[in-house]
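A.B. asks: What follows is a protein structure lacking sequence information:
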């Protein structure tokens, strides 16, 4: 036998309801306070975001000015390169009259200069690409934070290319200096060879003079010995005259060779002087280029610092946004829990309105009212499971006017959005009640139900109640009656 609902139980239930209403009201007040704090924090966050965006825009303006300075420096570098090319063409025209070995060396120098020009053109092209990327970056900067990172990444890649090209330019300059050192070494070898040749020539002349001295002595001896031999003397005199002529020709050829050698050495020295001047100009231009590169590196470091600051600002914004989203999620969970609690209280308070269309003389039953029977027929875990039931109702099925049907119990699970877990819990707890001897029918109640949950409810014979409208009642009752039979 089920004990009727006593006055003390009603009083206890009413006190519990009032406590729950008080807790709900307190929760709503805390929710309102939390919402107010959230609005204040959001306004502060929006103000801080606007200030940070203003600083980012100012940084981008400074970056645009720095880029304009870089463009001016690149134009000056292009003009200096044009002057270098003109001087090199003039130098190449003059170098056509030089010696064969020097011409070969200058040809290699021309190749190295051509490589330098190609590298400078590549540098100009890279700078043009950098300018195009910056113009594109400046246009995209109007979209602010959404595209700042991608633009700065491309700018960093362009800078990496510029640095690689500058390293290649430095390597080409090192090659040019190595070639100049090789040219200086070849010139030193040429001077050494000339000194060696001059020494050998002087040695040969010394040997000729010694030979002539010895020949003069022999001639004197021959004149003393061969006075009687006039014919032999005549022949000797003829040989001496021929030898003197040959000596004269040798001296003339040596003087002519020395003059030609001096002229060639003078041209070599003049060429080397011009080459030294050109090298000095090249070194001056490279120093100017190094200074400009140092300025560019300083600007890029400033840009990197600005980028680091921007990343810090973005990280702060992301962290703030994540905290805000976490608070919103917690707020949504709390609101969902409060909505579920309110809906459960509403169904308990208005059980007749919601279930009166299918049951007569219905009453809300507390698990404690039937606890003795449950403890006799179920295990402790099963009884504990039934304590989690949202709502338990008993009544008699409505029939024709004046007729009363059999008594049934509704094991109701309440949720704003009914899902498959709600259907399964109602089914499981109705089965436990039937095991304890109560003709329970599983029921789910709420505002909406998911399509999958509705399909499961139809298959398992679970009643669906939405805002007082019940569906699947006849099917569920027939299914559970047939199972009982």
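C.D. replies: Sure thing, it's come through. Predicted model only: the values in this text are computed from it and were never measured.

A.B. asks: By residue count, what's the longest helix in this structure?
C.D. replies: In the chain, taking DSSP state H as the definition, the longest helix is helix 230-349.

A.B. asks: Which other helices and strands does it contact?
C.D. replies: Counting by 3 or more C-beta pairs under 8 Å, 6 or more residues apart in numbering; DSSP states H and E, the packing neighbours recorded for helix 230-349 are helix 7-94, helix 145-225, strand 391-398, strand 404-414. No exception for glycine: its C-beta is placed from N, CA and C like everyone else's.

A.B. asks: Centre of the chain to the helix or strand following it, how far?
C.D. replies: The helix or strand immediately downstream of helix 230-349 is helix 351-355, counting by DSSP states H and E. Averaging C-alpha positions (C-alpha atoms, centre = their mean, to the nearest Å) puts helix 351-355 61 Å from its chain's average.

A.B. asks: I'd like the average pLDDT over helix 351-355.
C.D. replies: Mean pLDDT, helix 351-355: 90.

A.B. asks: Which strands and helices lie in contact with the following helix or strand past that helix?
C.D. replies: Once the chain leaves helix 351-355, the next helix or strand it forms, by DSSP H and E, is strand 359-364. Packing contacts for strand 359-364, counted by 3+ C-beta pairs under 8 Å, 6+ apart, involve helix 351-355, strand 391-398, strand 404-414.

A.B. asks: Nearest to residue 297 among these would be which one?
C.D. replies: strand 404-414 (69.3 Å; C-beta to C-beta).

A.B. asks: Quickly run through the sheet partners of the closest one, with directions.
C.D. replies: strand 391-398 (antiparallel), strand 440-446 (parallel) (DSSP bridges).

A.B. asks: pLDDT averaged over the last one, what's the number?
C.D. replies: Read it as strand 440-446. 96.

A.B. asks: List the strands paired with the very next helix or strand once past that strand, with their directions.
C.D. replies: The element immediately downstream of strand 440-446 (helix or strand, assigned by DSSP H and E) is strand 448-449. The strands that strand 448-449 pairs with in its sheet are strand 417-418 (parallel) (by DSSP bridges).

A.B. asks: residues of whichever helix or strand comes after the strand it pairs with that come out buried?
C.D. replies: Under the assignment DSSP H and E, the closest C-terminal helix or strand after strand 417-418 is helix 420-435. Using 16 or more other C-beta atoms under 10 Å as the test for burial, helix 420-435 gives 422-430, 432-434.

A.B. asks: cool, stretch 289-308 as well?
C.D. replies: 289, 292-293, 296, 299-300, 303, 306-307.

A.B. asks: would CSV of those with distance to residue 413 and pLDDT be doable?
C.D. replies: CSV is the format used below for the buried residues of stretch 289-308 (distance: C-beta to C-beta, whole Å; pLDDT from 0 to 100):
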residue, distance to residue 413, pLDDT
289, 80, 72
292, 77, 80
293, 75, 76
296, 71, 72
299, 68, 82
300, 65, 74
303, 62, 75
306, 58, 79
307, 56, 81
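
A.B. asks: Just send those residues back as a markdown table, with distance to residue 452 too.
C.D. replies: Shown next, in a markdown table, are these (distance: C-beta to C-beta, whole Å):
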| residue | distance to residue 452 |
| --- | --- |
| 289 | 72 |
| 292 | 69 |
| 293 | 67 |
| 296 | 63 |
| 299 | 61 |
| 300 | 58 |
| 303 | 55 |
| 306 | 53 |
| 307 | 49 |
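
A.B. asks: Which parts of the protein belong to which domain?
C.D. replies: 44-198+263-326, 350-484 (automatic domain parsing).

A.B. asks: And the ones you listed, which one averages the lowest pLDDT?
C.D. replies: Looking at these, the bottom one is domain 44-198+263-326 with a mean of 73.

A.B. asks: OK, contacts around residue 94?
C.D. replies: Applying C-beta atoms under 8 Å, 6 or more residues apart in numbering to residue 94 gives the contacts 271, 274.

A.B. asks: just to revisit the earlier point, among the strands paired with strand 404-414, which is the most enclosed?
C.D. replies: Here the criterion is mean neighbour count by mean count of other C-beta atoms under 10 Å, and of the strands paired with strand 404-414 the winner is strand 440-446, at a mean of 26.

A.B. asks: Just want the angle from that strand to helix 230-349.
C.D. replies: 120 degrees (axes from the mean of the first three to the mean of the last three C-alpha atoms, to 10 degrees).

A.B. asks: what's stretch 413-424 in contact with?
C.D. replies: So stretch 413-424 is in contact with 336, 339-340, 343-344, 347, 389-391, 425-426, 429, 442-450, 452-453, 456-457, 460, 462, 464, going by C-beta under 8 Å, 6+ apart.

A.B. asks: what about 6 Å?
C.D. replies: Residues outside stretch 413-424 that contact it (C-beta atoms under 6 Å, 6 or more residues apart in numbering): 339, 343-344, 347, 390, 425-426, 444-450, 452-453, 456-457, 462.

A.B. asks: gap between the two ends of it?
C.D. replies: End-to-end distance for stretch 413-424, by C-alpha to C-alpha, to the nearest Å: 9 Å.

A.B. asks: now the end-to-end length of stretch 439-452.
C.D. replies: Using C-alpha to C-alpha, the two ends of stretch 439-452 sit 26 Å apart.

A.B. asks: Make residue 1 into 30 and carry on from there
C.D. replies: All right, first residue 30 from here; so that's stretch 468-481.

A.B. asks: Now tabulate the strands paired with strand 433-443 in TSV and tack on distance to residue 165.
C.D. replies: As requested, these are exported to TSV (distance: least, C-beta to C-beta, whole Å):
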stretch	distance to residue 165
strand 420-427	64
strand 469-475	54
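
A.B. asks: These: which one's closest to residue 355?
C.D. replies: strand 469-475 (27.2 Å).

A.B. asks: what's the closest one in contact with?
C.D. replies: 376, 437-445, 447, 451-452, 455-456, 459, 462-463, 491-494, 505, 509.

A.B. asks: let's see it at 8 Å
C.D. replies: Contacts for strand 469-475 (C-beta under 8 Å, 6+ apart): 372, 376, 383, 420, 437-447, 451-452, 455-456, 458-460, 462-463, 482, 486, 489-495, 505-506, 509.
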